[in-house]
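J.: sequence unknown, structure follows:
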């Protein structure tokens, strides 16, 4: 449920606000990732925070972030997904699913970063699903600190007449690998 001033809450409930940015981080240090979503509406911005569930039975699957683009929809700007690690000894499992419906179009930029002075291991999984005649462009940028390890995997499925373009840029990390 949304809480706050009437106009923005009604815009969120009624679907009048458009999501334009996503981030996942443990904002309240309870061990469960929280979801932050930035929305635009008539030239103004709003931010929502959805608190994570520390009692979720399977962290890997319960923390999946799904970007679903309905059939026929063209997303007007890039969708930004931010992953930040700043806890020493952290083990994270970012899980992103991009699901583009028939004849839809979306650009997704996933940015993974960490503080420079933390020992951490991040194991991201990204699933890209391009439905029939869809157009999906995906870029993963990684700027990890000098003591952070990353072992990632990207899997893709492309339906008939669809186009999928992917790129990855790794600029940091003590050890960083991505299997495509």
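T.: That came through fine. Just so it is clear, the model here is predicted, and its values are computed rather than measured. Residues are numbered from 1 along each chain as shown.

J.: quick one, longest helix in the chain?
T.: If you go by DSSP state H, the chain has its longest helix at helix 6-14.

J.: Name the residues of that helix that come out as buried.
T.: 8, 9, 11, 12 (16 or more other CB atoms under 10 Å). Every C-beta, even on glycine, is put in place using the N, C-alpha and C of the backbone.

J.: Among these, list the two that are farthest apart in space.
T.: Distance extremes for the buried residues of helix 6-14: the farthest pair is 9 and 11 at 7.3 Å, using CB to CB.

J.: just the helices in the protein please.
T.: Taking DSSP H, the helices of the chain run over residues 6-14, 59-62.

J.: What segments of the protein are strands?
T.: Taking DSSP state E as the criterion, the chain contains strands spanning 18-25, 34-41, 44-50, 65-69, 79-85, 90-92, 95-100, 105-114, 120-122, 125-130, 135-143, 148-158, 163-170, 175-179.

J.: per-stretch mean pLDDT over these, give me the minimum one.
T.: Sorting these by mean pLDDT places strand 18-25 lowest, at a mean of 68.

J.: Tabulate the strands of the chain in a markdown table, adding columns for mean neighbour count.
T.: Listed next are the strands of the chain as a markdown table, based on neighbours: other CB atoms under 10 Å:
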| stretch | mean neighbour count |
| --- | --- |
| strand 18-25 | 18 |
| strand 34-41 | 16 |
| strand 44-50 | 14 |
| strand 65-69 | 17 |
| strand 79-85 | 19 |
| strand 90-92 | 18 |
| strand 95-100 | 21 |
| strand 105-114 | 21 |
| strand 120-122 | 20 |
| strand 125-130 | 21 |
| strand 135-143 | 19 |
| strand 148-158 | 17 |
| strand 163-170 | 14 |
| strand 175-179 | 13 |
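
J.: just checking, residue 48 touches residue 11?
T.: No: with contact defined as CB atoms under 8 Å, residue 48 does not count as touching residue 11 (11.1 Å).
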